[in-house]
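Trainee: dropping the sequence and predicted coords here.
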Amino acid sequence: SHKNKFYMKLSLLLDIEQSSSLRDNMASLSLREESTTIASYSLCDGLQVFVCQGDITKQHTDALVNAANQDLEHSAGVAAALSRAGGPEIQRESDELVKCLGKIPIGDTVVTTGGNLKCKKLLHAVGPVGGKASNRDKMLLEKTVHCALKFSEIMEFQSIAIPCISSGVSGVPLTVCTEATVAAVKDFGSVGGRNQRCLIKQIKAIISDKVSHFPCHGFAVVVLHLHVVINKRHSKKMH
């Protein structure tokens, strides 16, 4: 199918040797189009990573991550959707935070109520804006995602859902965003990357089903990179 051909091209671009399990994942993708979960992997210490397509406002996790701007003005993109779904208290608390703290630095995370959302808290992660961070976009995005994960760890949450931060109105290329997300998850999930008492057991990477051009191309990058992460980890354990 055209989807499988696309995945094959991506694997060549990323110089990834495909295993039968990865081919099976891709081949079965068409059978799971009605499902939110595109792929799932188990990392170290029982940490599960899910790659999902859908609406982040409908995710049921301890923490939801908002792709916020430095002023916490939730007027567009993922931020607007979460603010609308969660109710006016989210923007009110955000305004109070900015009043006390000033602009939130890129890479940082702050927390507010989740309001009507199905989460315990809403974490506002401030990613870079395309064109302003130049070649540092990926590095800043890795920092942003890692900060949100560490924040969730500190708050002793067991699950977290993360959108593709900076990929929408912020204008950072989707490929850069997904690669940065994977790198941050890899670092967080690595030995020594998180507290031994860390309670986080589930990380959901959510990419909107409204992604333009090719709806699944963001997932392809995430899935392929996670495959590499896991293979490298297993190979290290075997040596």
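Mentor: Alright, I've got the coordinates.

Trainee: excluding its backbone neighbours, what's nearest K103?
Mentor: Leaving aside its chain neighbours, K103 sits nearest to Q70 (4.3 Å; criterion: Cβ to Cβ, 6 or more residues apart in numbering). The way it works is simple: take the backbone N, C-alpha and C, and place the C-beta from them, glycine included.

Trainee: contacts only, for that neighbour.
Mentor: Contact analysis of Q70 by Cβ atoms under 8 Å, 6 or more residues apart in numbering lists K103, I104, P105, I106, V126.

Trainee: is it true that the third one touches V126?
Mentor: Yes. P105 is in contact with V126 according to Cβ atoms under 8 Å; the separation is 6.9 Å.

Trainee: these two: who's more crowded?
Mentor: Taking other Cβ atoms under 10 Å, P105 and V126 do not tie; V126 has more neighbours (27 against 9).

Trainee: pretty sure the more buried one contacts D71?
Mentor: No. Using Cβ under 8 Å, V126 makes no contact with D71, being 9.5 Å away.

Trainee: who touches both of these two?
Mentor: Common neighbours of V126 and D71 (Cβ under 8 Å, 6+ apart) are I104.

Trainee: show me where the protein has strands.
Mentor: Taking DSSP state E, the strands of the chain run over residues 37-42, 48-53, 63-68, 109-112, 121-126, 159-163, 202-207.

Trainee: present those as TSV; the columns should include mean pLDDT and distance to C177.
Mentor: Shown next, in TSV, are these (pLDDT from 0 to 100; distance: least, Cβ to Cβ, whole Å):
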stretch	mean pLDDT	distance to C177
strand 37-42	74	16
strand 48-53	83	13
strand 63-68	96	9
strand 109-112	97	16
strand 121-126	97	12
strand 159-163	93	9
strand 202-207	87	9
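
Trainee: and the residue nearest to G127 when sequence neighbours are not counted, how far from A81?
Mentor: Nearest residue to G127, sequence neighbours excluded (Cβ to Cβ, 6+ apart): S166, at 3.7 Å. Between S166 and A81 the computed distance is 15 Å (Cβ to Cβ, to the nearest Å).

Trainee: so which of the two has more stuff around it?
Mentor: The neighbour comparison of S166 against A81 (other Cβ under 10 Å) goes to S166, with 30 against 19.

Trainee: can you list the low-confidence ranges for this protein?
Mentor: Along the chain, the model assigns pLDDT under 70 to residues 1-36, 44, 131-135, 191-198, 209-239.

Trainee: hmm, 90 instead?
Mentor: The chain contains residues with pLDDT under 90 at 1-55, 77, 129-138, 164, 166-200, 205-239.

Trainee: that one: helices as residue ranges?
Mentor: Remark: helices assigned in the chain by DSSP state H are 2-13, 20-27, 77-86, 88-101, 137-154, 174-189, 217-238.

Trainee: could you dump the contacts of Q70 to CSV with distance to L174?
Mentor: Converted to CSV, the contacts of Q70 look like this (distance: Cβ to Cβ, whole Å):
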residue, distance to L174
K103, 26
I104, 23
P105, 24
I106, 19
V126, 19
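
Trainee: for A85, state which of these is nearest.
Mentor: Nearest to A85 among the contacts of Q70: V126, at 20.0 Å, using Cβ to Cβ.

Trainee: how far away is the residue nearest to K103 from E156?
Mentor: 27 Å.

Trainee: repeat that for A183.
Mentor: In terms of Cβ to Cβ, A183 sits 24 Å off from E156.

Trainee: who's more crowded, the two?
Mentor: In this view A183 and E156 are compared by other Cβ under 10 Å, and A183 has more residues nearby, 18 against 13.

Trainee: show me what contacts the more buried one?
Mentor: Neighbours of A183 in contact, by Cβ under 8 Å, 6+ apart: K138, E142.

Trainee: perfect, that will be all.
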